[in-house]
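A.B. asks: sequence first, predicted coordinates after that:
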Amino acid sequence: MKQVVFNSFPRSGNVYSSNCYHAFMHGNCSAVHIPEIFSVNEIANVTLFRKPEDAIASLIYKHSEGDQVQLERSFNGIQSHIDYYRLYMDYAKRNNENIYIGKFDDLINDTIGHFENLSKWLDIPLVEGYKDNFQRLSLSGNVWQEKYDGHMPREKDPIRLELEKAVAKMDSIQYLNEQYQTFIDTYKTVI
């Protein structure tokens, strides 16, 4: 059995996926941010793509942790986040036959369906009672609900909402959103 590696741009479901994995399948998994390993055939890379404006705004917010100076510094360095997102798309395009490419929204909106598809692609059977296992998962506490680094949807404060608006209005982000849509429409793994 191959090692399953959840390997996505930051803020795109790696932690959530790796914590849900054992409710659905047996075996080891890990979560990383290393698009360069998409070409390693000995591991099963699973990458999810979140709409760039959402992933990048979330990453900037996380890095700022409420500090206005850090927020401005992170916002000013947005081009590096854009470049890193594109790097993920480029490596995924080159290795699309070896990796599972999914949408963040599919994971969040239908976790069970997402893992059913993933099980087929990985050729790893689902564990008995996986739906009940998933319902019993405890996704609470700091890892899940912390204001800046939580891994579950939570109420957004006014700073976060303003940040999201500012990021979404940027021409470079709008262009990246278009590239993402074309990429996901072309390369998303279909089961």
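C.D. replies: Ah, there it is.
A.B. asks: for the chain, where's the lowest mean pLDDT among helices and strands?
C.D. replies: Ranked by mean pLDDT, DSSP states H and E, the helix or strand of the chain with the weakest confidence is helix 142-145, at a mean of 54.
A.B. asks: what's the next secondary structure element after it?
C.D. replies: Downstream of helix 142-145, the first helix or strand assigned by DSSP states H and E is helix 158-169.
A.B. asks: so where is this structure shaky, pLDDT-wise?
C.D. replies: Scanning the chain with the threshold set as pLDDT under 70 gives 1, 66, 140-154.
A.B. asks: which other helices and strands contact the top strand by length along it?
C.D. replies: The residue-count maximum for a strand in the chain (DSSP state E) belongs to strand 43-49. Where contact means 3 or more CB pairs under 8 Å, 6 or more residues apart in numbering; DSSP states H and E, strand 43-49 is packed against strand 3-7, helix 14-24, helix 78-94, strand 100-103, helix 104-109, helix 171-187. Bear in mind the C-beta positions are built from the backbone N, C-alpha and C, glycine included.
A.B. asks: what sits up against it?
C.D. replies: Here strand 43-49 makes contact (CB atoms under 8 Å, 6 or more residues apart in numbering) with 2-9, 12-14, 17, 35, 37-38, 88-89, 92, 95, 98-104, 107, 118, 122, 180, 183-184.
A.B. asks: over to stretch 72-92?
C.D. replies: For stretch 72-92, the external contacting residues (CB under 8 Å, 6+ apart) are 8-9, 35-36, 38-39, 47, 49, 52, 55-56, 59-60, 63-64, 99, 101, 163, 166-167, 170, 172-173, 176, 179-180, 183, 187.
A.B. asks: if we can go back for a sec, of the contacts of strand 43-49, select the buried ones using a ChimeraX command.
C.D. replies: Only the buried entries of the contacts of strand 43-49 go into this ChimeraX selection, using 16 or more other CB atoms under 10 Å:
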select :4,5,6,7,8,9,12,13,14,17,35,38,88,89,92,95,99,100,101,102,103,104,107,118,122,180,183,184
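A.B. asks: on that earlier part again, please pick the buried ones from the contacts of stretch 72-92.
C.D. replies: By neighbour count, with 16+ other CB under 10 Å, the contacts of stretch 72-92 hold 8-9, 35, 38, 47, 49, 52, 55-56, 59-60, 63-64, 99, 101, 163, 167, 170, 173, 176, 180, 183, 187 as buried.
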